[in-house]
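Student: Following is a predicted model, sequence given first.
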Amino acid sequence: MKKLLPYAIFLTFLISVFVGQISASAEGTLVIQKLVEDATIYAEPSADSVEVDQIAKGSYVTATNVSQGWTYIQTHQLEGYVETAALVNVKSEGYLVVQKGGTALFTYPSQNAQKVGQVYENRVIFVYGTAPGGWSFVQYGQDTGYVATNSLKKPIATTKRVNAVNGAVLRLTASPNGEELGTLANKTIVQQYSTLAGWAYVETDTQKGYINASELTDLQKLGNKVYNKGVPVVKGENKRVALTFDDGPNAKVTPQILAILKKHNAKATFFMVGPNVSNNSAIVKQVYKEGHEIGNHTWNHSKLTTLSKTNVKQEVDRTSNATYAAIGQYPTVFRPPYGATNDQVRSVITMPTILWSIDTLDWKHRNADKILAYIKTSVKDGSIILMHDIHQTTADGLENVILYLQKQGYEFVTVSEILQ
Ligand code: ZN
């Protein structure tokens, strides 16, 4: 334990060390892990080897050579093996550097720590967690360390589409020399968080990084038209359908539906009613994070054609605000309950109104097998399929629907994508 003493100051923060001297791993992204208990660092992957040092619970480290028993870790000052059981993976979230002149990266959460670098304004960096005193542990490219949390801001995303015939090269940093992470296919829908000097930071549900900003284009403005019997389709492209789920989210059924969609890499659209949004905000976040589209389905599920203009607006705005409170974004599409709309209703709604081309009547028959039967009879390229994520039978029937449609060559996209 004698070696622990010089690090006493870190222990008071419960977070002691930070990562440095990092070499890129094969796939180009660092694996950041966190200590869930105090641990001993050994020179070799064995408790019989030389003790290098102690490392405190809460510390962030770069982990390599993870095996069942031992993991090789590196920090700015230490390296060696710790027991894998002492570590957990931590997820990161993108934040924008808003500090004028950029923000300094420190070796530990204090102004007195050694400065290891500077991240410039408008860069998006990854935040893995916070430390007391207003610090965040972050990564930018191959650099890691602590920055002042107040130099960062949660960025606002804009939905864009990749417009590059051969795809857009995704890079770890905003530079033509930035490490290549992969390629985003032409027409991929992305969330763009910032641009600087011709580079855009973008995320999809599986990838994140920088691409050339000139390779992005705005989505076509859909306006507040009514979309009913599917959409005209472009010949020669893949067949597509839009699965839509109304009236949720439901704490029991929606997570099952999300799991099935994820398993088959299918995207869908969820038209949510306001109270369910407020009561299940973690599920709303999950829906959004997993790349699905969120639509507004009013607050009280009222028949809007029977309400005054003021009340229609209240029904819609209340749910939009609840959605914003849950995910920091407003719904992008609207579906009136019972499909009931008219000129007065449309006059107060700024989103596109999405009806459907196939009604599975899942709410009525509550029969898992009948859902596919209804779809089979009328599905075609561009179909918008109506289901409800509040019935167990709908979750039970979904996988067969997806397997059948996949076999027929269909891709599953959100309604805004199918309307592009
Ligand atoms: Zn409904």
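Tutor: The structure has been received and is ready for your questions. Residues are numbered from 1 along each chain as shown.

Student: Quickly find the element holding K364.
Tutor: helix 362-365 (DSSP states H and E).

Student: Measure how far that helix is from the centre of its chain, please.
Tutor: Mean-position distance between helix 362-365 and its chain equals 32 Å (C-alpha atoms, centre = their mean, to the nearest Å).

Student: With stretch 202-222 instead?
Tutor: 14 Å.

Student: Grab the nearest non-local neighbour of the residue nearest the centre of the chain.
Tutor: Geometric centre of the chain, nearest residue: K289, 3.1 Å, by C-alpha atoms, centre = their mean. Of all residues not flanking K289 in the chain, D205 sits nearest, at 7.1 Å (C-beta to C-beta, 6 or more residues apart in numbering). Heads up, the C-betas are built off the backbone N, CA and C, glycines and all.

Student: any chance you could read off phi and psi for that neighbour?
Tutor: Here is the backbone geometry of D205 (degrees, to the nearest 10): phi -70, psi -20.

Student: List the contacts of it.
Tutor: Residues in contact with D205 (C-beta atoms under 8 Å, 6 or more residues apart in numbering) are K289, E290, G291.

Student: quick one: the second one from the ion, how far?
Tutor: If I follow you right, that is E290. From E290 across to the ion, the span is 22 Å (C-beta to the ion, to the nearest Å).

Student: tally of neighbours for that residue?
Tutor: Using other C-beta atoms under 10 Å, E290 is surrounded by 15 other residues.

Student: Contact partners for it?
Tutor: D205, L258, L261, K262.

Student: how close does it get to V202?
Tutor: Going from E290 to V202 by C-beta to C-beta, to the nearest Å gives 17 Å.

Student: Same question for the first one.
Tutor: Distance from K289 to V202, counting by C-beta to C-beta: 15 Å.

Student: Kindly report the same for K370.
Tutor: 41 Å.

Student: Same question for Q406.
Tutor: 27 Å.

Student: More neighbours: which of these two?
Tutor: V202 (30 against 14).

Student: Would you mind listing what in the protein touches the ion?
Tutor: Contact residues (C-beta under 5 Å from the ion) of the chain with the ion: D246, D247, P337.

Student: hang on, isn't the second one packed against V273?
Tutor: Okay, so that is D247. Yes. Under the criterion of C-beta atoms under 8 Å, D247 lies in contact with V273, with a separation of 5.9 Å.

Student: shared neighbours of the two, anything?
Tutor: H297, H301.

Student: And the residue of the stretch 301-420 of the chain found nearest the ion, its phi and psi?
Tutor: Relative to the ion, the nearest point of the stretch 301-420 of the chain is P337 (4.7 Å; C-beta to the ion). Backbone dihedrals for P337, given as degrees, to the nearest 10, come out at phi -50, psi 140.

Student: and it, what does it touch?
Tutor: H297, T298, H301, S302, K303, L304.

Student: Can you get me a residue count around the fifth one?
Tutor: Spelled out, that is K303. 15.

Student: Could you list the domains of the protein?
Tutor: Domain segmentation of the chain under automatic domain parsing yields 7-89, 93-153, 158-218, 226-418.

Student: I'd assumed Q68 was in contact with E83.
Tutor: No. E83 is beyond contact range of Q68, at 10.1 Å (criterion: C-beta under 8 Å).

Student: Between these two, tell me which one has more neighbours.
Tutor: E83 (15 against 7).

Student: Spit out the contact partners of the more buried one.
Tutor: Per C-beta under 8 Å, 6+ apart, neighbours of E83: A39, G69, W70, T71.

Student: again with V415
Tutor: With C-beta under 8 Å, 6+ apart, V415 has these contacts: Y227, A242, T244, T269, E293, G295, V333, I354, I384.

Student: repeat for V88
Tutor: Applying C-beta under 8 Å, 6+ apart, the residues near V88 are Q33, K34, V36.

Student: of those residues, closest to the ion?
Tutor: Once C-beta to the ion is applied, the member of these that ends up nearest the ion is K34, at 42.4 Å.

Student: Can I get the domains of the chain in JSON lines including mean pLDDT?
Tutor: What follows is those, written out as JSON lines (pLDDT from 0 to 100):
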{"stretch": "domain 7-89", "mean pLDDT": "75"}
{"stretch": "domain 93-153", "mean pLDDT": "90"}
{"stretch": "domain 158-218", "mean pLDDT": "88"}
{"stretch": "domain 226-418", "mean pLDDT": "93"}
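
Student: Farthest pair within the contacts of E290?
Tutor: Farthest pair in these (C-beta to C-beta) is D205 and L258. Separation: 11.6 Å.

Student: thought L386 was touching T244?
Tutor: Yes. Counting by C-beta under 8 Å, L386 touches T244, with 5.8 Å between them.

Student: okay, the two: which has more neighbours?
Tutor: Using other C-beta under 10 Å, the more surrounded residue of L386 and T244 is T244, with 26 against 23.

Student: Would you agree the more buried one falls within a helix?
Tutor: No. T244 is assigned strand when assessed by DSSP: H, G, I helix; E, B strand; the rest coil, not a helix.

Student: From the ion, how far off is Q207?
Tutor: For Q207, the distance to the ion - C-beta to the ion - is 34 Å.

Student: likewise V277?
Tutor: Distance from V277 to the ion, by C-beta to the ion: 14 Å.

Student: Next secondary structure element downstream of the strand or helix carrying that residue?
Tutor: Taking DSSP H and E as the criterion, V277 maps to helix 274-279. Downstream of helix 274-279, the first helix or strand assigned by DSSP H and E is helix 281-289.

Student: which outside residues touch that following helix?
Tutor: Residues contacting helix 281-289 (C-beta under 8 Å, 6+ apart): 205, 248-249, 251, 254-255, 258, 270, 272, 277, 294, 323, 325-327, 329.

Student: For that helix, what is the distance to the chain centroid?
Tutor: That offset, for helix 281-289, works out to 9 Å (C-alpha atoms, centre = their mean).

Student: Next: stretch 117-135.
Tutor: That offset, for stretch 117-135, works out to 19 Å (C-alpha atoms, centre = their mean).

Student: Can I get it in CSV, CA atoms only?
Tutor: In CSV, the C-alpha atoms belonging to stretch 117-135 read as follows (Å, rounded to 0.1, in the frame of the first residue of the first chain):
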residue,chain,number,x,y,z
GLY,A,117,-3.4,18.8,-24.6
GLN,A,118,-6.0,21.2,-25.8
VAL,A,119,-9.2,20.4,-27.7
TYR,A,120,-10.4,23.3,-29.8
GLU,A,121,-13.8,25.0,-29.9
ASN,A,122,-16.6,23.3,-31.9
ARG,A,123,-15.0,19.8,-31.7
VAL,A,124,-17.3,17.0,-30.5
ILE,A,125,-15.5,15.0,-27.9
PHE,A,126,-16.6,11.8,-26.0
VAL,A,127,-17.5,12.2,-22.3
TYR,A,128,-17.2,8.9,-20.3
GLY,A,129,-18.2,10.3,-16.9
THR,A,130,-17.7,13.1,-14.5
ALA,A,131,-15.5,13.7,-11.4
PRO,A,132,-16.3,15.9,-8.5
GLY,A,133,-15.4,19.5,-8.8
GLY,A,134,-16.9,20.1,-12.2
TRP,A,135,-14.7,17.7,-14.3
